[in-house]
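**Student:** okay, sequence plus prediction incoming.
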Amino acid sequence: MPAADRQVRFDYLGTCAKVRRANVIASDCPAASVSRIIRRQHHIPYQHNDFHNVDRRGPRRRPIPDTLDSMIIWLNGTFGAGKTTTATGLNALLPQSRIFDTEEVGLMLRHVLGTEIVRDFQDWQPWRGLVVAAATQILDYVGGVLIVPQSVLVHQYWQEIRAGLENAGVPLQHFVLHAERDELLRRIETDPAKPNSPWRLEHLDDYDAARAWHNREAHVIDTTSLQPRQVAELVAAHAEHARTSTTGRRRE
């Protein structure tokens, strides 16, 4: 661009800034009119995307490998059922996969919602909304598979999360890792990280109450007699089958 044209554009920007600082625009002359007046004075042709037409949609989605569609694999089940261990194994099996620990969202909210007393951070409505927003934006940014090992035992909360992801167009595979009560008790009692966790023991009845809707709305895998790697392989196989079936329907 010639030096003279650059100077005209700098004058244009400086004039705009001065007008805004003086609050002239807010009185009886709209911003668009001021822009047109200044352009006419300086003989600047209008360009649709010039200066103030800013794309506010956020970061664009990165290219996603053709061999792997974006999706969320949600590992549900009671606390202590082995979701975290399965997620780790699944992450090793699936290329372009990441683990999203949504409990971190709850921890983030504690400093601002600590005065709102709840039994579980899932009771905070912002937790459900932020989980959906974060998961969606993560997939928009990097693509691939997002593995979410998170117990959701309240049907209303799951409906909110599922609807939010569906509205965002995010494919969701929902699995429940089931184990018989005696086996759950054994796992909870012998977990080296949290042996005999009262939190996990207190939620066993909640899990029993959720089993009816879990059976309707998820693929339930009985892990009672399975090793963690076997569970991860089953989830991976089911997720791949669902993905290829969906891809086939789209092509048709």
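**Tutor:** Yep, that arrived. Numbering: from 1, shown residues only.
**Student:** state the distance from the nearest residue to residue 155 once chain neighbours are set aside to residue 79.
**Tutor:** In this structure, residue 155 finds its nearest non-sequential neighbour in residue 213, 4.9 Å apart by Cβ to Cβ, 6 or more residues apart in numbering. Just so you know, the C-beta spots here come from the backbone N, C-alpha and C atoms, and that holds for glycine as well. As for residue 213, its distance to residue 79 is 17 Å (criterion: Cβ to Cβ, to the nearest Å).
**Student:** need the CA coordinates for the one helix or strand the residue nearest to residue 155 maps to. PDB is fine.
**Tutor:** With the criterion set as DSSP states H and E, the secondary-structure element containing residue 213 is helix 204-217. What follows is helix 204-217 as a C-alpha-only set of coordinates in PDB (Å, rounded to 0.1, in the frame of the first residue of the first chain):
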ATOM      1  CA  LEU A 204     -24.200 -47.400  46.400                       C
ATOM      2  CA  ASP A 205     -27.900 -46.900  47.100                       C
ATOM      3  CA  ASP A 206     -28.000 -44.000  44.600                       C
ATOM      4  CA  TYR A 207     -26.500 -46.300  42.000                       C
ATOM      5  CA  ASP A 208     -29.100 -49.000  42.600                       C
ATOM      6  CA  ALA A 209     -31.800 -46.400  42.200                       C
ATOM      7  CA  ALA A 210     -30.200 -45.200  38.900                       C
ATOM      8  CA  ARG A 211     -29.900 -48.700  37.300                       C
ATOM      9  CA  ALA A 212     -33.300 -48.600  35.700                       C
ATOM     10  CA  TRP A 213     -32.600 -45.500  33.600                       C
ATOM     11  CA  HIS A 214     -29.000 -46.600  33.100                       C
ATOM     12  CA  ASN A 215     -30.300 -49.800  31.500                       C
ATOM     13  CA  ARG A 216     -32.500 -47.700  29.100                       C
ATOM     14  CA  GLU A 217     -30.000 -45.000  28.100                       C
END
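**Student:** would you mark the buried spots in that helix?
**Tutor:** For helix 204-217, the buried set under the neighbour-count rule, 16 or more other Cβ atoms under 10 Å, comprises 204, 207, 210, 214.
**Student:** for that helix, name the packing helices and strands.
**Tutor:** Using 3 or more Cβ pairs under 8 Å, 6 or more residues apart in numbering; DSSP states H and E, the elements in contact with helix 204-217 are helix 155-167, strand 172-178, helix 181-190.
**Student:** quick revisit: mind putting the buried residues of helix 204-217 into a markdown table with distance to residue 151?
**Tutor:** Supplementary listing: those in a markdown table, determined by distance: Cβ to Cβ, whole Å:
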| residue | distance to residue 151 |
| --- | --- |
| 204 | 11 |
| 207 | 8 |
| 210 | 9 |
| 214 | 11 |
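**Student:** of all the helices and strands packed on helix 204-217, which one comes closest to residue 235?
**Tutor:** Nearest to residue 235, of all those, is strand 172-178, at 5.5 Å by Cβ to Cβ.
**Student:** so which elements touch the closest one?
**Tutor:** Contacting strand 172-178 under the criterion 3+ Cβ pairs under 8 Å, 6+ apart are the following elements: strand 71-76, helix 155-167, helix 204-217, strand 219-222, helix 228-251.
**Student:** how about residue 88, what does it touch?
**Tutor:** With contacts defined as Cβ atoms under 8 Å, 6 or more residues apart in numbering, residue 88 is in contact with residue 99.
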